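**Student:** give me a 3D structure for the following:
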Amino acid sequence: MPGGRLTRDERERIAAGLAGGQGYAEIARRLGRPTSTVSREVARNGGRTGYRPGRAQRSTDQRARRRVRTADPSPPAEDAAFPGRDPGAVRAFEEEFAGALVDSGVSRMVARVLTVLCMTDGAGVTASELVRRLQVSPASVSLAVRYLEDQDLLRREREPDGRRDRYVVDDDVWFQSMLASVRANVRLAEAARRGGSALGPQTPGGARLATVGEFMERVNEDMLRSAVHWRRVLAERRG
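**Tutor:** Predicted structure coming up:
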């Protein structure tokens, strides 16, 4: 029933919907469930490409056996990082957004760190705050932060006392993300063109790679123009 635990049949239907290319909202509508329920279910059980209903069911059963039951009906405590907001809604969004990033090809830990950085109201987040928020090891946070730095998706700011760094994402983080994609695609386009030349443009493989290289090059040009245009438009709209 809506609001209860997902059944095995519902998990099978989620898997079928994903295989059919349906979005979370469409799958949820067919199940009569909130979209956040479906997105959380998929995110915690392998993402769009790795979701398996049987494995998801077993994981749920194991969590249920481990869970310490309590009779306290009190609502969840207010999230100190997001005062004045529904803690359940905040957590649901956090899981949904991280799951969407995972589906786009980002690793799970990088997605979780980037989500927290995008959500924060303050002037960045420290490593220790990320560790507490995500309940993971400092090493996991360090690796994720290093990757995001390499992609120019975050920057470090030293705290006034000089003891710790704070990690900050700017408002144009998605523009920077698009630039990172363009850079990666440029390398792919150049490699494909070299492959076409090496194999020979008259051969099927060479012609195929030459086409791939040209396709990637043209798409990159369009992506870059669009990213620059909409960055300017949205910046002007914000005032």
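**Student:** give me the helix or strand of this protein that scores worst on average pLDDT.
**Tutor:** Sorting the helices and strands of the chain by mean pLDDT, DSSP states H and E puts helix 53-66 at the bottom, at a mean of 76.
**Student:** could you list every helix and strand in contact with the next helix or strand along the chain from that one?
**Tutor:** Per DSSP states H and E, the first helix or strand lying C-terminal to helix 53-66 is helix 87-103. Packing partners of helix 87-103 (3 or more CB pairs under 8 Å, 6 or more residues apart in numbering; DSSP states H and E): helix 35-43, helix 47-50, helix 108-119. Placement of C-beta: from N, CA and C, glycine included.
**Student:** for the residue nearest in space to the middle of the chain, list the residues it contacts.
**Tutor:** By CA atoms, centre = their mean, the mean C-alpha position of the chain lies nearest to residue 101, the distance being 1.7 Å. By CB atoms under 8 Å, 6 or more residues apart in numbering, the contact list for residue 101 reads 110, 111, 114, 115.
**Student:** and which of the residues you listed is nearest residue 87?
**Tutor:** Of all the contacts of residue 101, residue 87 sits closest to residue 115, with 15.6 Å by CB to CB.
**Student:** distance check, the closest one against residue 132.
**Tutor:** In this view, residue 115 and residue 132 are 15 Å apart by CB to CB, to the nearest Å.
**Student:** just residue 25 next, same as before
**Tutor:** For residue 25, the distance to residue 132 (CB to CB) stands at 32 Å.
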